[in-house]
Structures are given as structure tokens and as C-alpha cells.
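Trainee: What would the 3D arrangement of this be:
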Amino acid sequence: MEAKARSMYVRMAPHKARRVLELVKGHTVKDALNILHFTRKNAAEPLYKTIHSAFSNLSNIDDNERFDMEDVIVKNVYVDGGPIVKRFRPMSMGRAGQIRKRTSHITVVVEHKS
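Mentor: Numbers count the residues shown, from 1 in each chain. Predicted coordinates:
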């Protein structure tokens, strides 16, 4: 049995979030949350929340069954790029420089190992 959670429009560049994904892919949910708690990257917080949400979604699929965090693994994690917010900033010689503020969509799939 597997469950999915998505965090959309996270205000972070996708390539910065992908650096943290490789730390937790394939681990149990308990280990993944523990690793992210002590990771000193800004991408760790939205990823922590998304993994916790996916684990909660797994528990909500079947109300009669309770899962332990050590029995559920992070099957797949990936980040897609979202829309880019474009801003302009004054530059030298009267020019305008474009600033691209990137967003990300984080998807987490967890699975109960039988």
C-alpha cells in the first residue's frame, strides 16, 4: 500500500531542493525525518513536512490499520519546477536586470513494506 503527498509552489529553486532529496530516498520514514531534522539546508523544512504529510495520508487510507514509522519507506521523492516569478531590478547605465524567483513542486511517495 502506498500514499502520496505534494507540496506545490514552494518558494525555492528546484536544484537546491534536489540536493537534499538524495539524503532520504530509500530510508524509512523515521530515519528520513530524523535526517532532515538535523540537515542545515533550507530545503529540509518543506521536505520534512511533505514526508510527514505522506505518512499521515497512508494512515488515512485505511482507518482500521495503524502504521509504524519504521515499517514505512520513502519509495520515491522528486522535485519539479513550478512557475517562475519575474522581477526587475535597476542595473548600471540605466538598464533593467531580470530577477527570476523560482518555485518548486515536491512530490513524495511512501510505501508500507510487507
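Trainee: residues near residue 11, how many?
Mentor: Residues contacting residue 11 under the criterion other Cβ atoms under 10 Å number 12. C-beta: built from backbone N, CA, C; applies to glycine.
Trainee: which strands and helices sit next to the lengthiest helix in the chain?
Mentor: The helix that spans the most residues within the chain, counting by DSSP state H, is helix 44-61. Contacts defined by 3 or more Cβ pairs under 8 Å, 6 or more residues apart in numbering; DSSP states H and E place helix 44-61 against strand 2-10, helix 14-24, helix 29-37, strand 72-81, strand 104-112.
Trainee: Show me what counts as buried in the longest one.
Mentor: Of the residues in helix 14-24, those buried under the neighbour-count criterion (16 or more other Cβ atoms under 10 Å) are 14, 17, 20-21, 23-24.
Trainee: got it, and the third one?
Mentor: Taking 16+ other Cβ under 10 Å as the basis for neighbour counts, the residues of helix 29-37 that come out buried are 29, 31-33, 35-36.
Trainee: Let me have the buried residues of helix 14-24 in TSV, extended by distance to residue 85 and pLDDT.
Mentor: Output for the buried residues of helix 14-24, formatted as TSV (distance: Cβ to Cβ, whole Å; pLDDT from 0 to 100):
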residue	distance to residue 85	pLDDT
14	14	95
17	16	93
20	22	92
21	23	92
23	28	91
24	28	92
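Trainee: what's the burial count for residue 48?
Mentor: 19.
Trainee: Give the closest residue to it in space, chain neighbours not counted.
Mentor: residue 36 (4.4 Å; Cβ to Cβ, 6 or more residues apart in numbering).
Trainee: and the gap between that neighbour and residue 24?
Mentor: 6 Å (Cβ to Cβ, to the nearest Å).
Trainee: so what sits against both of the two?
Mentor: The overlap between the contact sets of residue 36 and residue 24 (Cβ atoms under 8 Å, 6 or more residues apart in numbering) consists of 47, 51.
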